[in-house]
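Chemist: no sequence on this one, just coordinates:
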């Protein structure tokens, strides 16, 4: 394995680390905002379930990223470098600004931007990209509807329970719902970096005649994401956990359960979705169930704008990095 390949794998793991750092809020925002766990313990809890996610899910999302966004034969060192750098720069900018933009779609936008720069529009696998773009709308909508139904059902079921007792019960249940969401987050997001590294290895003939994800790649990506989660991302935690709407433990459980159900389904179907989209839709759903005015729609609007801008912004950044890498003779 050449030094260049090792360097590119290191860059991919840096992206994975930043993904965990950037998207830590998705796993822990609700459990922190309801004060069930302190931030310090919440990130450790989330990091553990991020890491063990590979034991539960297959590698369908990794295959989609590696072969289903741009043609596998266009993947080379320059494309991988440019895609990762575009996604990393966008992640850093939005993290510093406290904007919960989707790391997933930054990477996908980066792949498209670098791939098109290398081989034109013909290299885009429109069926795979179409599923991903559709998920931008469907994942928050699914999270919203599931959360809305769950909070209405749970509110009815606990109608005769005192608020103190309900709060006590759901503070304990939230450990389970937060664990499930962190598991779904680790399962879907870490696989995206696995797909990039596996595509790089395949392009260099280091993984045989077929696209496969070596086990060491799985462990490295899960570890990098878990480590990133441990370092938190407190600017975004504040946005996700309290600025959209105020959450009670009951609402936190419903939001996390709805989000994890959405992530589990998407991961098993091999669709790379945004955990940011999913949990935001779920949080808005539980807030809307209380009353429409309980949601700070101006904050939600800013988040949606970030979603729309992410893919084209990352694509443009990656296209620029591809031109630089190509000119430098990488």
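Modeler: Alright, I've got the coordinates. Keep in mind that what you see is a predicted model, and the values were worked out from it rather than measured.
Chemist: Report the contact partners of residue 58.
Modeler: By CB atoms under 8 Å, 6 or more residues apart in numbering, the residues touching residue 58 are residue 268. Heads up, the C-betas are built off the backbone N, CA and C, glycines and all.
Chemist: Please, where are all the helices along the protein?
Modeler: 3-33, 39-51, 60-67, 77-97, 103-119, 126-157, 163-203, 215-230, 234-238, 249-268, 275-290, 297-327 (DSSP state H).
Chemist: Put together a markdown table for those, with mean neighbour count, mean pLDDT and distance to residue 209 on each row.
Modeler: Putting the helices of the chain into a markdown table (neighbours: other CB atoms under 10 Å; pLDDT from 0 to 100; distance: least, CB to CB, whole Å) gives the following:
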| stretch | mean neighbour count | mean pLDDT | distance to residue 209 |
| --- | --- | --- | --- |
| helix 3-33 | 24 | 80 | 18 |
| helix 39-51 | 21 | 79 | 31 |
| helix 60-67 | 24 | 84 | 14 |
| helix 77-97 | 23 | 88 | 20 |
| helix 103-119 | 28 | 90 | 22 |
| helix 126-157 | 18 | 87 | 21 |
| helix 163-203 | 23 | 87 | 9 |
| helix 215-230 | 22 | 88 | 17 |
| helix 234-238 | 19 | 53 | 42 |
| helix 249-268 | 26 | 89 | 27 |
| helix 275-290 | 28 | 79 | 34 |
| helix 297-327 | 19 | 81 | 27 |
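Chemist: For residue 132, see how far away the residue lying closest to residue 124 once chain neighbours are set aside is.
Modeler: Nearest residue to residue 124, sequence neighbours excluded (CB to CB, 6 or more residues apart in numbering): residue 70, at 5.9 Å. To residue 132, residue 70 is 12 Å away according to CB to CB, to the nearest Å.
Chemist: just residue 122 next, same as before
Modeler: Using CB to CB, residue 122 is found at 18 Å from residue 132.
Chemist: Report the contact partners of residue 270.
Modeler: Counting by CB under 8 Å, 6+ apart, residue 270 has contacts 60, 61, 63, 64, 68.
Chemist: out of these, who's nearest residue 284?
Modeler: When those are ranked by distance to residue 284 (CB to CB), residue 61 comes first, at 24.6 Å.
Chemist: The closest residue to the closest one other than its chain neighbours and residue 283, how far apart?
Modeler: Excluding its sequence neighbours, the residue lying closest to residue 61 (CB to CB, 6+ apart) is residue 191, at 3.8 Å. The gap separating residue 191 from residue 283 is 24 Å, by CB to CB.
Chemist: which residue packs closest to residue 193, ignoring adjacent ones?
Modeler: In this structure, residue 193 finds its nearest non-sequential neighbour in residue 16, 4.1 Å apart by CB to CB, 6+ apart.
Chemist: so how far is residue 305 from the one you found?
Modeler: Per CB to CB, residue 16 is found 26 Å from residue 305.
Chemist: With residue 222 instead?
Modeler: 32 Å.
Chemist: what does residue 271 give?
Modeler: On the measure of CB to CB, residue 271 and residue 305 end up 23 Å apart.
Chemist: just residue 259 next, same as before
Modeler: In terms of CB to CB, residue 259 sits 21 Å off from residue 305.
Chemist: repeat for residue 313
Modeler: 11 Å.
Chemist: what do you get for residue 107?
Modeler: Distance of residue 107 to residue 305, computed by CB to CB: 20 Å.
Chemist: same deal with residue 33?
Modeler: Residue 33 is 23 Å from residue 305, where distance means CB to CB.
Chemist: Residue 282 now?
Modeler: Distance from residue 282 to residue 305, by CB to CB: 19 Å.
Chemist: Then residue 38?
Modeler: The gap separating residue 38 from residue 305 is 32 Å, by CB to CB.
Chemist: circling back to that earlier point, make JSON lines from the contacts of residue 270 and add distance to residue 140 to it.
Modeler: As requested, these are exported to JSON lines (distance: CB to CB, whole Å):
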{"residue": "60", "distance to residue 140": "21"}
{"residue": "61", "distance to residue 140": "18"}
{"residue": "63", "distance to residue 140": "24"}
{"residue": "64", "distance to residue 140": "19"}
{"residue": "68", "distance to residue 140": "22"}
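Chemist: That concludes my questions; thank you for your assistance.
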